[in-house]
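[1] okay, sequence plus prediction incoming.
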Amino acid sequence: MRRVVTGHDEHGKSVVVSDGPVPRSHEFASLPGWVSALPWATEPGAPVSRTGEDPTPKVDDFV
C-alpha cells in the first residue's frame with residue numbers, strides 16, 4: 001500500500017506533501033501476507049490540516 005498526502009502551499013496551490021509507504025502498519029507473523037494498516041486518522045470533528053500535517057502517529061489504539 002502506498003500513501004500520498006496532499007496539502008496547500010502559501011498561495012493556496014495544491015501540493016504533494018509526502019508520497020510513500022503507510023507509516024502505521026503491522027504484519028502478522030502468524031498469518032503470512034496479512035497486514036493491518038492505518039493510512040490516515042483524525043479525531044472525530046477535528047478539522048483536517050491544510051498543510052498536510054500528519055495526525056496519524058498520535059493515534060494510540062492501533063494493533
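    All right, it came through fine.
[2] give the rounded mean pLDDT of stretch 1-15.
    For stretch 1-15, the per-residue pLDDT values average out at 88.
[3] my guess is Arg2 meets Pro21, correct?
    Yes: at 6.5 Å, Arg2 counts as touching Pro21 under the criterion of Cβ atoms under 8 Å. Quick note: C-beta positions are derived from backbone N, CA and C, even for glycine.
[4] can you pull up the most central residue in this structure?
    The centre of the chain sits closest to Trp40, judged by Cα atoms, centre = their mean, with a distance of 3.3 Å.
[5] what's around the residue lying closest to it once chain neighbours are set aside, how many residues?
    Spatially, and ignoring its direct neighbours in sequence, Trp40 is nearest to Thr56 (5.6 Å; Cβ to Cβ, 6 or more residues apart in numbering). For Thr56, the count of nearby residues is 16 (other Cβ atoms under 10 Å).
[6] how about Thr42: what's its closest non-neighbour residue?
    Going by Cβ to Cβ, 6+ apart, Thr42 has Pro55 as its nearest residue, at 5.3 Å.
[7] how much space separates that neighbour from Leu38?
    For Pro55, the distance to Leu38 equals 11 Å [Cβ to Cβ, to the nearest Å].
[8] coming back round to it: shouldn't the residue nearest to Trp40 be in contact with Arg24?
    Yes: when contacts are counted by Cβ under 8 Å, Thr56 is listed as touching Arg24 (5.6 Å).
[9] quick one on the thing from earlier: show me which of Pro55 and Leu38 is the more surrounded one.
    The residue with more neighbours, out of Pro55 and Leu38 and counting by other Cβ under 10 Å, is Leu38; that gives 17 against 13.
[10] check contacts around the nearest residue to the more buried one once chain neighbours are set aside.
    Spatial nearest neighbour of Leu38, excluding adjacent residues (Cβ to Cβ, 6+ apart): Arg24 at 4.1 Å. By Cβ atoms under 8 Å, 6 or more residues apart in numbering, the contact list for Arg24 reads 37-39, 56-57, 59, 62.
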